[in-house]
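[1] build me a model from this:
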Amino acid sequence: MSDIIPFNRIFKDSEEKKAMVEALDGECWHGDGPASKRVESYLCNWLGARYAFLTTSCTHALEMAMMTLDIGEGDEVIMPSFTFVSTANAVRMRGARPVFAEIRSSDLTIDPVDVATKITPATRAVIPIHYAGISADFDGIRRAIDGRDVFIVEDAAQAVGAYWKDRALGTIGDIGCFSFHDTKNITCGEGGALLTGDQTLAEKAEWIREKGTNRSAFLRGEIDKYTWVSQGSSYIPSDLLAALLEAQLQKKEIILESRKKVWEAYMDRLGESRDKGWIILPDIPSYARINYHIFHFHVKDAADRDPLIARFREAGIGASFHYVPLHNAPYARKILGNQVQLPRTEHLADTLIRLPLYPDLVDIRHDVADRVYSVISRYF
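    Predicted structure coming up:
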């Protein structure tokens, strides 16, 4: 491997090529083909989901979720500001209002205490983000909801194969949304999935995903013709992408174990940096079993973040920051004004640094961790 350590590298071998060639040689290139069905069944069996629908992206899964729950004008949906824009866009595309809540310093997931202060009669849903594959605090979120008729939609884009207690993330709320983008642990380049355990929601999601028709029921022989029964769009990925994803899923244990070793190498080597007060390392809750999607840490002073990232890059280490909080974005200020104040979120976003983490680093993980420590120690 080169001395340059990029931030991300796709884990692939001959199995992906073999799967794609077999799919190309087949007669089904459209969506919902044999590979798609196998992958959806695999996700259900692996994760304990009742229903799983492959989508063209997690963005589209989130949009489907809002449509499935009939989120619309006058509704409010609570979410962290520290998230990718797709979370908020899915709400805005339905004419609803995103309500931004603080995140916790310990794990960067939504703060249930702040959620409780944001609930109003207009609240229809809460969207927790499982940042870095770390489970949000479901017990706390449910206390915040306090028996109200409020849906939980998991933005589990980063959390495939991670758990809350003994339950797979993406299967705990009313709806869960996954990403298989090529920055994720398991990928088909672009793709996602919507999961639910509710039969009624599953039926609605299936209509929406199939352009607002009950075509899927027709293809299963449940009805003698299909027609327009709902609003919808085309959210179904090609079976070629499903074949690629199937090949990736077959090596999920290898991917997880390799990423775990790299993550642990960082934690072990950077413990001294934490003990010296230079940085703050992740704090994983006892109820969370992570999937090692991201290794991140914080500097204490925001003024040190960008210079330290620059030092990493000069040393050939592709470190990066992450989200700019959405409540400070131009569009959020346009629709919400300047009244949203989330100082903790802003500080955490301004002090966060992510390090390269992917399976190809496993054999040189200790060397990479040493290089990271050396940059930090020289800087401070």
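[2] now do the contacts for the residue located most distally from the centre of the chain.
    Using C-alpha atoms, centre = their mean, the residue of the chain lying farthest from its centre is residue 224. It sits 38.5 Å away. With contacts defined as C-beta atoms under 8 Å, 6 or more residues apart in numbering, residue 224 is in contact with residue 218. All C-beta spots, glycine's among them, are computed from the backbone N, C-alpha and C.
[3] so where does it fall, helix or strand?
    Of the helices and strands defined by DSSP states H and E, none includes residue 224.
[4] kindly provide the distance from it to residue 253.
    Look at residue 224 and residue 253: by C-beta to C-beta, to the nearest Å, they are 44 Å apart.
[5] likewise for residue 211?
    Distance, residue 211 to residue 253, by C-beta to C-beta: 37 Å.
[6] show me where the chain has strands.
    For the chain, the strands defined by DSSP state E occupy 51-55, 76-80, 97-101, 123-126, 151-155, 163-164, 167-168, 175-179, 192-196, 279-280, 288-289, 295-299, 352-355.
[7] low pLDDT regions in this protein?
    Applying pLDDT under 70 to the chain flags the ranges 1-2.
[8] most centrally placed residue in it?
    Central residue of the chain (C-alpha atoms, centre = their mean): residue 157, 1.7 Å from the mean position.
[9] now that residue: closest residue in space that isn't a chain neighbour?
    residue 179 (3.8 Å; C-beta to C-beta, 6 or more residues apart in numbering).
[10] next, count neighbours for that neighbour.
    Residues lying near residue 179 (other C-beta atoms under 10 Å) number 28.
[11] please apply the same query to residue 27.
    The local packing of residue 27 (other C-beta under 10 Å) involves 7 other residues.
[12] that one and residue 225, how far apart?
    Using C-beta to C-beta, residue 27 is found at 24 Å from residue 225.
[13] let me see the domain layout of this protein.
    What automatic domain parsing lists as the domains of the chain is 14-249, 252-379.
[14] quick check, distance from the last one to the centre of its chain.
    Computed by C-alpha atoms, centre = their mean, to the nearest Å, the chain-centroid distance of domain 252-379 equals 16 Å.
[15] just the first one next, same as before
    Centroid displacement of domain 14-249 relative to its chain, using C-alpha atoms, centre = their mean, is 10 Å.
[16] isn't residue 241 up against residue 192?
    No. Using C-beta atoms under 8 Å as the test, residue 241 is too far from residue 192 to be in contact (10.5 Å).
[17] who has more neighbours, these two?
    residue 192 (28 against 23).
[18] quick one: residues contacting the more buried one.
    Taking C-beta under 8 Å, 6+ apart, we find residue 192 in contact with 54-61, 157, 177-181.
[19] find the nearest non-adjacent residue to it, please.
    Per C-beta to C-beta, 6+ apart, closest to residue 192 is residue 58, 3.9 Å.
[20] look at residue 332 and say how many residues are nearby.
    With other C-beta under 10 Å as criterion, residue 332 counts 20.
[21] same thing with residue 308?
    19.
[22] tabulate the strands of the chain (CSV), appending distance to residue 315.
    What follows is the strands of the chain, written out as CSV (distance: least, C-beta to C-beta, whole Å):
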stretch, distance to residue 315
strand 51-55, 39
strand 76-80, 32
strand 97-101, 36
strand 123-126, 41
strand 151-155, 33
strand 163-164, 35
strand 167-168, 37
strand 175-179, 30
strand 192-196, 35
strand 279-280, 16
strand 288-289, 31
strand 295-299, 16
strand 352-355, 12
